[in-house]
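> need a structure here:
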Amino acid sequence: MKNKVLVLLILGTISFTSTISAQETTTNLLENAQTKAKKENKAIFIKFEASWCGWCRKMTKDMKAESTKAFFEDNYVIVPVVVNESKGKEKLENPGSRELLKKYKGDEAGLPFWLILDSNLNVLADSFDANGDNLGGPASKEEVNQFISKIKKTAKKVSEKDVKNIKNQFIK
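The predicted model follows:
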């Protein structure tokens, strides 16, 4: 009897642990972001990324830097979506991420690929420049200026100090 209880306890623990570590679906991510965006009057910043992507890590670091973090958090509900993981790491991907990336033509762009949506999930901006190239994680002066142009159109408020901080942080 003790063995049966122990086996059930172990199986329950394994099941619970597996549930905790499972990635959230893109449907859930978007629904939660939409609810929060409507409540807080913010836009939604979706960033498609992968663990192997150095530019993705740089962009995350730039957005979370001390000088820029408050700006991004005050203006956007930030939604990282893990996609296109390398073989053996597919479990890190958010279910539905490949389909969502394809929906916005990001599957043709490379990573990171980002979108800014309003609270009704309409696209306000994406990471394509005027030539149709992916700005990705902007790092050159020209890329960062294009990024700031898109930010100015989608954020509630962008001060000159915000622009200066973004330039100082993002330009490599």
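> what about the residue nearest to residue 158 when sequence neighbours are not counted, helix or strand, and which?
Nearest residue to residue 158, sequence neighbours excluded (CB to CB, 6 or more residues apart in numbering): residue 152, at 5.1 Å. C-betas here are computed from N, CA, C, even on glycine. Applying DSSP states H and E as the criterion places residue 152 in helix 141-154.
> ranges for the strands of the protein?
Ranges of strands within the chain are 43-49, 76-82, 113-117, 123-126, based on DSSP state E.
> returning to what we had before: roughly how far does the residue nearest to residue 158 sit from residue 170?
14 Å (CB to CB, to the nearest Å).
> give me the more crowded residue out of these two.
residue 170 (23 against 13; other CB atoms under 10 Å).
> and the helices in the protein, which stretches?
For the chain, applying DSSP state H gives helices covering 2-21, 26-40, 54-63, 69-75, 97-103, 141-154, 160-170.
> for the first one, what does the pLDDT average out to?
This points to helix 2-21. For helix 2-21, mean pLDDT is 47.
> check the last one too.
For helix 160-170, the per-residue pLDDT values average out at 98.
> that helix: which residues count as buried?
162, 163, 165, 166, 169, 170 (16 or more other CB atoms under 10 Å).
> who's in contact with the residue nearest to residue 167 when sequence neighbours are not counted?
Ranked by CB to CB, 6+ apart and with sequence neighbours excluded, the top spatial neighbour of residue 167 is residue 144, at 5.7 Å. Residues in contact with residue 144 (CB atoms under 8 Å, 6 or more residues apart in numbering) are 138, 166, 167, 170, 171.
> ok, now with 6 Å
138, 167, 170, 171 (CB atoms under 6 Å, 6 or more residues apart in numbering).
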